[in-house]
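Novice: Predicted model and sequence follow; I will ask about them next.
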Amino acid sequence: MLRHEFQPGRLIVGVFLTATGVAYAGDAAGLWTTEWFAVIPLMVVGLFLAGVTAVLTRAIRRHRRAPES
């Protein structure tokens with residue numbers, strides 16, 4: 001039983017934010033060097049994919065809820 005509606009756009013944003021955090025954490029730990037501008041494309045791509053996913057999800061759900069006449 002689901003308590004709330006699954007929103008895949010938020011899942012994608014969470015994955016990309018986690019990847020950004022891992023990149024900075026690895027830099028802070030000294031495992032690798034992450035330039036400050038390296039995360040900008042990562043975040044832009046993540047937000048774009050999340051937006052596209054949210055629009056598609058809404059369109060699919062709206063289409064399924066449409067009354068059949």
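Specialist: Thanks, I have it. Keep in mind it's a predicted model, so treat the numbers as computed, not measured.
Novice: Mind giving me the packing neighbours of the longest helix anywhere in the chain?
Specialist: Once the chain is assigned using DSSP state H, the helix that runs over the most residues is helix 39-65. Here helix 39-65 touches helix 8-29, going by 3 or more Cβ pairs under 8 Å, 6 or more residues apart in numbering; DSSP states H and E. The C-beta positions use only the backbone N, C-alpha and C, and glycine is treated the same way.
Novice: Show me how far the helix it packs on is from its chain's centre.
Specialist: 10 Å (Cα atoms, centre = their mean, to the nearest Å).
Novice: What of stretch 51-62?
Specialist: That offset, for stretch 51-62, works out to 13 Å (Cα atoms, centre = their mean).
Novice: Can I get it in CSV? Just the C-alpha atoms.
Specialist: Coordinates of each C-alpha in stretch 51-62 appear next as CSV, following Å, rounded to 0.1, in the frame of the first residue of the first chain:
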residue,chain,number,x,y,z
GLY,A,51,11.9,18.2,-15.5
VAL,A,52,11.4,16.0,-18.6
THR,A,53,10.5,13.1,-16.4
ALA,A,54,8.0,15.1,-14.3
VAL,A,55,6.3,16.3,-17.5
LEU,A,56,6.1,12.9,-19.0
THR,A,57,4.8,11.4,-15.7
ARG,A,58,2.1,14.0,-15.5
ALA,A,59,1.1,13.5,-19.1
ILE,A,60,0.9,9.7,-18.7
ARG,A,61,-1.1,9.9,-15.4
ARG,A,62,-3.5,12.5,-16.9
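Novice: so where is the chain shaky, pLDDT-wise?
Specialist: 1, 66, 68-69 (pLDDT under 70).
Novice: how about 90 then?
Specialist: 1-6, 36, 38-39, 61-69 (pLDDT under 90).
Novice: separation between Asn29 and Ala23?
Specialist: Check again: residue 29 is Ala, not Asn. Note on Ala29: its distance to Ala23, by Cβ to Cβ, to the nearest Å, is 11 Å.
Novice: These two: who's more crowded?
Specialist: Ala23 (16 against 8; other Cβ atoms under 10 Å).
Novice: Surely the more buried one is in contact with Ala38?
Specialist: Yes: counting by Cβ atoms under 8 Å, Ala38 is a contact partner of Ala23 at 7.0 Å.
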